[in-house]
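Student: here's my sequence, what's the structure:
(2 chains)
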Amino acid sequence: AQSVAQPEDQVNVAEGNPLTVKCTYSVSGNPYLFWYVQYPNRGLQFLLKYITGDNLVKGSYGFEAEFNKSQTSFHLKKPSALVSDSALYFCAVRDSGGYQKVTFGTGTKLQVIP
Amino acid sequence: GAVVSQHPSWVICKSGTSVKIECRSLDFQATTMFWYRQFPKQSLMLMATSNEGSKATYEQGVEKDKFLINHASLTLSTLTVTSAHPEDSSFYICSARDLRGTLGETQYFGPGTRLLVL
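Tutor: Residues are numbered from 1 along each chain as shown, chains lettered A, B, ... in the order given. Sure, this is the predicted structure:
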């Protein structure tokens, strides 16, 4: 079975400071990993993904994430947070071994304080 | 690119009526579409997966006769909530994926439909 954990329900960061939203996963094979952002009453917007290749993945709006196989983590990062980054962030994983369902984490609410 | 639309964006209906929600991939052909339900301050719960031209695969605990899914074309899937009741009130989100093309593994989500059953 595959699973994904987002240990923090909420992360608060001051505007201009770096931000990190944590994600760890468990799959039996190689993982496909995704980050999505959701604004209130909206669907999810795709930010970035790791399929293969470089462990550091760069995505939309200045976000990046680092795939760490030994720690089974895929933390989302941004060097300088903006107030407009305040939203709900979801990490997701899918086992590359043909199982087609993506498992989503419980979400982390990011609050950027002006 | 990779835009998914949903219609309507919100709907209010009386208990016992049926509601149809449309999900369209606007600029790509979706080999697979997914329907999710999201409760307030909670993660997404996958309801069903549908491949174009075949029957949907429902997740455990989801009533297939209650939530009818049709994926008649590569750009359109519909979810019909039959005989809706207040407990069906929720935020329904669809997503689409095209494994054959350059979009690959990524699912692209619609903006969601807020359903309120009175």
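
Student: around chain A, which positions in chain B sit nearby?
Tutor: Residues of chain B lying close to chain A (Cβ under 8 Å from any Cβ of the partner chain) are B:2, B:4, B:6, B:32, B:42-44, B:46, B:49, B:91, B:93, B:95, B:104-112, B:114. Just so you know, the C-beta spots here come from the backbone N, C-alpha and C atoms, and that holds for glycine as well.

Student: which residues touch stretch A:48-67?
Tutor: Judged by Cβ atoms under 8 Å, 6 or more residues apart in numbering or on different chains, the contacts made with stretch A:48-67 from elsewhere in the structure are A:23, A:30-35, A:45-47, A:68-69, A:73-80, A:85, A:96, B:104-106.

Student: rerun that using 7 Å as the cut-off
Tutor: Contacting residues not belonging to stretch A:48-67 are listed as A:32-35, A:47, A:68, A:74-78, B:105-106 [Cβ atoms under 7 Å, 6 or more residues apart in numbering or on different chains].

Student: reformat the residues you listed as a markdown table; add distance to residue A:4 and pLDDT.
Tutor: What follows is those, written out as a markdown table (distance: Cβ to Cβ, whole Å; pLDDT from 0 to 100):
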| residue | distance to residue A:4 | pLDDT |
| --- | --- | --- |
| A:32 | 11 | 92 |
| A:33 | 8 | 95 |
| A:34 | 10 | 95 |
| A:35 | 11 | 97 |
| A:47 | 15 | 95 |
| A:68 | 14 | 97 |
| A:74 | 9 | 98 |
| A:75 | 12 | 98 |
| A:76 | 12 | 98 |
| A:77 | 17 | 98 |
| A:78 | 20 | 98 |
| B:105 | 15 | 78 |
| B:106 | 16 | 86 |
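
Student: just give me the closest of those residues to residue B:80.
Tutor: Proximity of the contacts of stretch A:48-67 to residue B:80 (Cβ to Cβ) peaks at residue B:106, which lies at 26.9 Å.

Student: correct me, but the closest one touches residue A:46?
Tutor: Yes: distance between residue B:106 and residue A:46: 5.7 Å, which falls inside the contact criterion (Cβ atoms under 7 Å).

Student: show me where chain A has its strands.
Tutor: Along chain A, the segments classed as strands by DSSP state E run A:3-5, A:10-14, A:19-21, A:24-26, A:31-38, A:44-50, A:56-58, A:64-68, A:73-78, A:87-95, A:103-104, A:108-113.

Student: which single residue in chain B comes nearest to chain A?
Tutor: Residue nearest to chain A within chain B: residue B:109 (4.0 Å; Cβ to the nearest Cβ).

Student: tell me the contacts of that residue?
Tutor: If a contact means Cβ under 7 Å, 6+ apart, then residue B:109 has A:43-44, B:4, B:93, B:95 as its contacts.

Student: and the strands in chain B?
Tutor: Listed in chain order, the strands found in chain B under DSSP E are B:4-7, B:10-13, B:19-25, B:32-38, B:44-51, B:57-58, B:67-73, B:76-81, B:90-97, B:108-109, B:113-117.

Student: local confidence estimate at residue B:49?
Tutor: At residue B:49, the pLDDT value in this model is 92.

Student: check the one 4 residues further on too.
Tutor: Residue B:53 carries a pLDDT score of 79 in this model.

Student: what does the one 3 residues further on give?
Tutor: Residue B:56 is assigned a pLDDT of 90 by the prediction.
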